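**Q** no letters, just coordinates:
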């Protein structure tokens, strides 16, 4: 099951956040530059798409249902966004082969925004993974953030990673948080009531966002792995031993995320020096594109099974 935010018709667990944003919009107090911050997979982008549909579907047939927190799939704006042809919506995200948001994407956006709007509706720019802006794209974005066109809203999505202060200071930040109980309740709604019976109790001791639950279940299902009896330690051993992280970039990212999750719960308070030392090794490996295999083997030998 793929939980692409653009496809999610229902919003779970983040009703209070949406109500707050909608209330500000209704009284014309919604800042034209907001940042939604929180852990990856928590639902920030889904929240953004629901806010966007609320705004753009106004006065349309099948407009947003705020009582049920749901998008109607027959709505015109929803269909246009799905087909990437909505004249009032712009999405900017990572270019996969470059792993960054490139300057030409920002320049193209600025060029479009400098043109006259085709209608009186607001124009909304959604920038996901804002921490992946490169230095040139940041400088270009800052110019438009400083003096945005009228009737235009910027929604920036941050995964609680380092965002340049020059970008962050220009936005009103909304911190999105889900506790473990709510996250599991959302996962149950997304995957069906049998979800808790499919996952080993050991995994429920750890905090998984709904997005990460989806990635995990897809991985285990696609490889015909019995995850009813698989612990977090077992999954990490499997990813490292079978070299799954070399076969797919998403599996490499999952390996990093699960390692950090394991360290956070098993070492954060018991051995702070070891915890911070290994987190630095992870950061250096990513930053300088070092050999992942030696890092993962060291983790498995010294920390996972040590």
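**A** Okay, I see it. For clarity, every value in this text was computed on a predicted model and none was experimentally measured.
**Q** residue 289 - that's part of a strand, no?
**A** No - using DSSP: H, G, I helix; E, B strand; the rest coil, the assignment for residue 289 is coil, not a strand.
**Q** mean confidence for the one helix or strand residue 236 maps to?
**A** Take DSSP states H and E as the rule and residue 236 turns out to sit in helix 232-241. What helix 232-241 shows for mean pLDDT is 91.
**Q** after the biggest strand by length in the chain, heading C-terminal, what element do we hit next?
**A** Counting by DSSP state E, the longest strand found in the chain is strand 152-158. Using DSSP H and E, the next helix or strand after strand 152-158 towards the C-terminus is helix 165-168.
**Q** give me the sheet partners of the helix or strand following that following helix and which way each runs.
**A** Under the assignment DSSP H and E, the closest C-terminal helix or strand after helix 165-168 is strand 172-175. Using DSSP bridges, the strands paired with strand 172-175 in its sheet are strand 33-37 (parallel).
**Q** in the strand it pairs with, which residues are buried?
**A** For strand 33-37, the neighbour count (16 or more other Cβ atoms under 10 Å) marks 33-37 as buried. From N, CA and C alone the C-beta is placed, and that goes for glycine too.
**Q** also stretch 284-302?
**A** Buried-residue list, stretch 284-302, by 16+ other Cβ under 10 Å: 285, 292, 295-296, 299-300.
**Q** first to last residue in that stretch, what's the distance?
**A** One end of stretch 284-302 to the other measures 18 Å (Cα to Cα, to the nearest Å).
**Q** make 688 the starting number, not 1.
**A** Yep, numbering from 688; the last one is stretch 971-989 now.
**Q** let me know the average pLDDT across it.
**A** The average pLDDT within stretch 971-989 is 87.
**Q** could you do stretch 782-798 as well?
**A** On average, stretch 782-798 scores 86.
**Q** now do that stretch: distance to the chain's middle.
**A** In terms of Cα atoms, centre = their mean, to the nearest Å, the centre of stretch 782-798 is found 18 Å from the chain centre.
**Q** same deal with stretch 899-906?
**A** 14 Å.
**Q** ok, and what's touching it?
**A** Applying Cβ atoms under 8 Å, 6 or more residues apart in numbering, the contact partners of stretch 899-906 are 688-690, 727-728, 870, 874, 877-878, 882, 885, 895, 912, 914, 922, 931, 937-938, 941, 944.
**Q** just stretch 755-769 next, same as before
**A** 693-699, 702, 705, 736-737, 739-740, 743-744, 747-752, 773-774, 776.
**Q** residue 761 and residue 769, how far apart?
**A** 12 Å (Cβ to Cβ, to the nearest Å).
**Q** lowest-pLDDT helix or strand in the protein?
**A** helix 882-885 (a mean of 63; mean pLDDT, DSSP states H and E).
**Q** looking at residue 761 and residue 769, which one has more neighbours?
**A** Between residue 761 and residue 769, counted using other Cβ atoms under 10 Å, the more crowded position is residue 769 (12 against 9).
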